[in-house]
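Below are the sequence and a predicted model; questions follow.
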Amino acid sequence: MLLDRVRLRAWAWPAGVALISAALFASTFDPRVDGGDAPESVAGVHSVGILHAPGYPAYVLLARAFSWLIPFGSLSARVNLFSTVCAIGAVVLVYAIGREIDVPKPAAAVGALSLATATSFWFYAGFAKFYPLTSLLLAGAILCVLRWGRGGSLWLLALAGACLGLASGASYQVVALALPGIVLGVLLFRRGVLRPAAAGVLAAAVVSVALWGFVYVRAGQDPAVNWGDASSFDRLVALISMRDFGWGAASFTSVGDQDARIAATDLGRLPVQLGRYGLLLTREFSLAVVALAAAGAWGSFRRISRPAASLLAGVFVVNILGALFAVGIGRPTGFDTGLVYGGFVLAASLVLALWTAIGAWMGLDALQRWMGSSADQGRRRDRAERRAALARRANVVAAGLAVVLLAGPVLAHHGPASHDGGVSEAYAEDVLSAVPPDGVLFVAGADAGFPLQYAQIVEEMRPDVEVIDAVGIVAPWYCEQVKERLALPTEECGRTLIEMVIEADDRPVAFDSASTSFAARAYALEPRGLISIVVPGEPGVREVDAAVHAELVEAMDFARVEGLADEWPFRSIAAAYVRALIDHAAPLAEQERYLEVQAVLEQAEAIDPDDELVQRNLAALARQSS
């Protein structure tokens, strides 16, 4: 009975951490597909395909297996739930790592929950993307290494290697940035080099080869999602190395992104970039958590073993510096910066949570000494009773510390971590419904096509429409895929291929909203809902067919996208709806139906209050009415 009670108490803390994390993540969970890469992820899981470079085979296979095991809910709900389960597992493993390095249970729980309340970690806990899986596997590898370092079996290093091998199929860049710190810890434990290295490297190699072998074989079967067409060794290497990732995207690069890349490689701006990453982590966790983590980082070399402290420091420093040079941050823009860049500092976030645990340990110790200075006085029995009471009070104090420390992040991060599910699905339906039968739709980049890809593959919506990435078409592998799909007997690629599709005149051709501006320089276009149809005539944008356009616009649910113009990952979708409303207002203005024009423009303003064209037209209406 006593043993059962001890075991129950041992499991109570991690179970509590898991339940609190699950409650947090459930409060923002949305079963519908989100924006950004999420539609591609769900479509890739559905088709057991190859996602955008570098393919993410471990994520696809494990999410597919998980969705098969869960017999209820839509596919998007199950894939989102897979991310949630991985995130909960990662939080619990951070708690386990804290206990492994002798952090007391209350402090370890505080550190683990600080990770759960971090903005991007919380957001991706319900988002169809590989970040939660990467966090889980990376935390598992660190835990195995630390347990091996304290006298554990060599199989623990083999398991760590297997975790890293799997993680290479989820996000090998994050693994590569964490690996130097992990290797440093292995060396400092001084338990030999050859056998540990062989165990870890062999396990990682076996798992990695199996994953990328799957990619090679599966690409040859040409699944519905087959980025990179890695059916040859050269194409496989190109996919893994991301050699042609972002083909043709240079013309769409924003000034902010250019600034980020310049800053990432300019040593003179290193302090600026370090400051931006510091601001990123502060927004991710909160100033109080980062301050406690800083104290924990300093105290780690006094409180835990030097190899373990060095491992944590090495992982953090290399991750930050590696991300800094690989992906510089442009001008920070609120919580969105963390949502975009937070995935690049996953390993550093895990370490920061562990340092928070150590900092909480130091704080609780100091408080305990202050509260229990009289416990050493009196008889031995009295001292034991007082210390037991002190331990109980310490748990209460730890709970209070957790509430004080994490209440702010919970309140501040709940909004940014929430999901606007259904926007991508509604957008895809609105776009595809406007395309004529058997049409060809060119979109401005892969991201613009992901919602449509999801709708066609998972929801089986409008399979008669061919959706083509007008930006990526310059990539040789993608060009070959397009020519095969459209049965074009030509060696040409890029813009020439687009011209051939239009000149063939055997299928209707359209461009999405984002690509209309550059397409209008070469072709005559007629706006129709969220797209523009190629029509005969001189280049430029024609007047809308008021009746057809109005029917499409009136069927749209604009309330879904209100206020999303400044929110990643829906900026381009929101812009498309604003453009459609402006096009709808033009013929109404010509008919002098100004009250209707104002209502349409106010709807556009609700989506994007900062759109200059909308504001100019509203100002013109105000002047006219006065």
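On my side now, so go ahead. Here the structure is a predicted model, which means the values were calculated and not measured.

Give me the contacts around stretch 502-510.
434-442, 466, 488, 501, 523, 528, 531-534 (C-beta atoms under 8 Å, 6 or more residues apart in numbering). Every C-beta, even on glycine, is put in place using the N, C-alpha and C of the backbone.

okay, how far is it across it, tip to tip?
9 Å (C-alpha to C-alpha, to the nearest Å).

Would you mark the buried spots in it?
The neighbour-count check on stretch 502-510 (16 or more other C-beta atoms under 10 Å) flags 502, 507, 508, 509, 510 as buried.

could you redo those residues as JSON lines and give each row distance to residue 140, pLDDT and secondary structure?
Below are these laid out as JSON lines (distance: C-beta to C-beta, whole Å; pLDDT from 0 to 100; DSSP: H, G, I helix; E, B strand; the rest coil):
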{"residue": "502", "distance to residue 140": "52", "pLDDT": "87", "secondary structure": "helix"}
{"residue": "507", "distance to residue 140": "50", "pLDDT": "92", "secondary structure": "coil"}
{"residue": "508", "distance to residue 140": "52", "pLDDT": "95", "secondary structure": "coil"}
{"residue": "509", "distance to residue 140": "50", "pLDDT": "95", "secondary structure": "strand"}
{"residue": "510", "distance to residue 140": "47", "pLDDT": "95", "secondary structure": "strand"}
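
wait, which of the residues you listed is closest to residue 413?
residue 510 (39.9 Å; C-beta to C-beta).

how close does the closest one sit to residue 138?
43 Å (C-beta to C-beta, to the nearest Å).

mind listing the strands in this protein by residue range?
For the chain, applying DSSP state E gives strands covering 440-443, 466-469, 509-512, 524-528, 531-535, 540-541.

Dump those strands to TSV, plus distance to residue 287.
TSV is the format used below for those (distance: least, C-beta to C-beta, whole Å):
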stretch	distance to residue 287
strand 440-443	41
strand 466-469	42
strand 509-512	42
strand 524-528	48
strand 531-535	46
strand 540-541	49
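
For residue 306, which of these is the nearest?
Nearest to residue 306 among the strands of the chain is strand 466-469 (51.3 Å), distances taken as C-beta to C-beta.

Note down every partner strand of that closest one and its orientation.
strand 440-443 (parallel) (DSSP bridges).

one step back: from the buried residues of stretch 502-510, which single one is nearest residue 107?
For the buried residues of stretch 502-510, the residue nearest residue 107 by C-beta to C-beta is residue 510; the value is 58.7 Å.

Return the distance of the closest one relative to residue 466.
Here residue 510 is placed at a distance of 11 Å from residue 466 (C-beta to C-beta).

Which parts of the chain belong to which domain?
2-243+276-417, 422-542, 553-626 (automatic domain parsing).

sorry, back to before: which residues are common contacts for residue 510 and residue 466?
Counting by C-beta under 8 Å, 6+ apart, the shared contacts of residue 510 and residue 466 are 439, 440, 441.

Return the member of those nearest to residue 56.
residue 441 (25.8 Å).

List the residues that contact that closest one.
Contacts of residue 441 (C-beta under 8 Å, 6+ apart): 431-432, 435, 452, 465-468, 509-512, 531.

try 10 Å
Residue 441 makes contact with 431-432, 434-435, 449, 452, 462, 465-468, 470, 508-512, 515, 531, 533, according to C-beta atoms under 10 Å, 6 or more residues apart in numbering.

do residue 86 as well
Residues near residue 86 by C-beta under 10 Å, 6+ apart: 59, 62-63, 66, 124-125, 130-137, 170.

Confidence-wise, which of the residues you listed comes last?
Across the contacts of residue 86, the smallest pLDDT goes to residue 170, namely 92.

That one touches residue 59, doesn't it?
Yes. Counting by C-beta atoms under 10 Å, residue 170 touches residue 59, with 4.9 Å between them.
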